[in-house]
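Visitor: coordinates only, sequence not included:
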């Protein structure tokens with residue numbers, strides 16, 4: 001099953017729908033969806049290394065737009081925002097988050113945007129805390145762009161060995177990715 005999914009994403013990378021699919025996942029991940037766009041971005045760059053910058057740019061733009069949507073969920077639809085935070089195991093983390101945000105707001109956005117800690121938590125909580133929207137957008141561009149462009153650059157430069165490694169050890173790579181995502185959720189649980 002993993003092999004079929006990987007092969008499907010590799011074929012998708014060369015199709016006209018590739019950028020739209022990546023944009024959709026990147027947008028959703030920043031506002032409500034639990035899976036980050038990396039499982040799409042990585043194979044897509046490996047399949048089409050000459051389009052690495054386009055893939056990273058689309059992932060960045062869509063992720064920032066999704067982050068703005070998450071921000072507005074937190075700011076305008078507080079009950080929906082609270083439901084999403086509760087779904088991820090943080091029903092009453094807002095008080096702690098607001099206290100931390102008052103002192104470390106920009107750094108929280110910058111650090112969490114680069115890590116496997118779910119970014120949607122930051123976007124929704126930023127809106128709920130009333131964090132400055134302009135600074136939020138700039139920090140999101142820097143952190144999400146940094147993450148996706150670093151991945152794209154590394155894969156563009158070291159693509160074939162990385163692709164060979166992933167294809168030979170697909171189960172191991174998938175397992176490590178799942179461990180990172182789950183580890184991000186666990187870290188989030190103990191941070192707040």
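Guide: Happy to help now that I have it. Here the structure is a predicted model, which is why all the values come from computation and not from measurement.

Visitor: where do the helices sit along this protein?
Guide: 2-13, 18-31, 38-47, 52-76, 78-87, 94-114, 119-129, 133-168, 170-191 (DSSP state H).

Visitor: got the buried residues for the fourth one?
Guide: I take that to be helix 52-76. 52, 54-75 (16 or more other CB atoms under 10 Å). Using the backbone N, CA and C atoms, a C-beta is placed for each residue, glycine as well.

Visitor: pLDDT (mean, whole number) over it?
Guide: Mean pLDDT, helix 52-76: 93.

Visitor: what's that helix packed up against?
Guide: Secondary-structure packing of helix 52-76 (3 or more CB pairs under 8 Å, 6 or more residues apart in numbering; DSSP states H and E): helix 18-31, helix 38-47, helix 78-87, helix 119-129, helix 133-168.

Visitor: and it with helix 119-129, angle?
Guide: 40 degrees (axes from the mean of the first three to the mean of the last three CA atoms, to 10 degrees).

Visitor: circling back: mean pLDDT lowest for which of the helices of the chain?
Guide: Among those, helix 170-191 carries the lowest mean pLDDT (a mean of 59).

Visitor: mind listing what residue 23 touches?
Guide: 58-59, 61-62 (CB atoms under 8 Å, 6 or more residues apart in numbering).

Visitor: So what touches stretch 68-85?
Guide: Residues outside stretch 68-85 that contact it (CB under 8 Å, 6+ apart) are 27, 30-32, 91, 93-94, 119-131, 133, 136-137, 140.

Visitor: at 6 Å instead, please
Guide: 30-32, 120, 123-124, 126-128 (CB atoms under 6 Å, 6 or more residues apart in numbering).

Visitor: Tabulate those (CSV), appending distance to residue 13 and neighbour count.
Guide: Below are the contacts of stretch 68-85 laid out as CSV (distance: CB to CB, whole Å; neighbours: other CB atoms under 10 Å):
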residue, distance to residue 13, neighbour count
30, 21, 29
31, 24, 23
32, 25, 21
120, 25, 26
123, 27, 33
124, 30, 34
126, 32, 27
127, 33, 24
128, 36, 22
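
Visitor: which one of these is nearest residue 148?
Guide: Proximity of the contacts of stretch 68-85 to residue 148 (CB to CB) peaks at residue 30, which lies at 11.7 Å.
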